[in-house]
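> Please work out how this folds:
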Amino acid sequence: EVHLVESGGGSVQAGGSLRLSCAASGLDFDEYAIGWFREAPGKEREGVSCISNRDGVIYYKDSVKGRFTISSDHAKHTVYLQMNSLKPEDTAVYYCHAQSSYTLRYYWGQGTQVTVSS
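Predicted coordinates:
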């Protein structure tokens with residue numbers, strides 16, 4: 001059974017930092033691109049950042065470039081999202097997402113709340 005377990009959410013003031021973790025189990029880690037989506041109240045879920053564990057390709061949403069850094073620890077089967085210079089508009093539930101590089105198979109984590117106050 002596949003599990004994506006997120007941690008690291010919380011509440012910070014604008015300009016602060018948080019690091020999200022997504023620990024994956026039950027899947028071939030190197031096969032999957034793993035990343036983060038977020039969903040703010042009244043808004044659609046949007047992709048924030050993603051890293052391919054197959055070839056290392058990284059994607060960032062334009063509004064987080066230069067502030068967020070994604071990384072992957074293959075030994076720990078964990079993907080991290082370092083979020084710096086947080087803004088109130090970053091407030092959302094952040095979901096870990098794993099997408100197979102070879103099939104249409106994908107998985108979601110349970111979500112973790114990030115709240116940034118001004």
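
> Got phi/psi on the nearest residue to S63 once chain neighbours are set aside?
Sequence neighbours aside, E89 is the residue nearest to S63 in space, at 7.7 Å (criterion: C-beta to C-beta, 6 or more residues apart in numbering). Using the backbone N, CA and C atoms, a C-beta is placed for each residue, glycine as well. Backbone torsions of E89, given as degrees, to the nearest 10, read phi -70, psi -10.

> For T112, the count of nearby residues, please.
22 (other C-beta atoms under 10 Å).

> residues contacting the nearest residue to K43 once chain neighbours are set aside?
Leaving out its chain neighbours, the residue that sits closest to K43 by C-beta to C-beta, 6+ apart is A92, at 7.8 Å. A92 is in contact with R38, E39, A40, K43, V114, counting by C-beta atoms under 8 Å, 6 or more residues apart in numbering.

> The residues you listed in strands, which ones?
If you go by DSSP state E, the contacts of A92 have R38, E39, V114 in strands.

> Could you pull up the contacting residues of the last one?
The neighbourhood of V114, defined by C-beta under 8 Å, 6+ apart, consists of G9, G10, L18, L20, R38, M83, L86, D90, T91, A92, V93, Y94.

> Which one of the residues you listed sits in the busiest neighbourhood?
Most surrounded of the contacts of V114: other C-beta under 10 Å gives M83, at 26 neighbours.

> That residue against R67, yeah?
Yes: M83 is in contact with R67 according to C-beta atoms under 8 Å; the separation is 6.8 Å.
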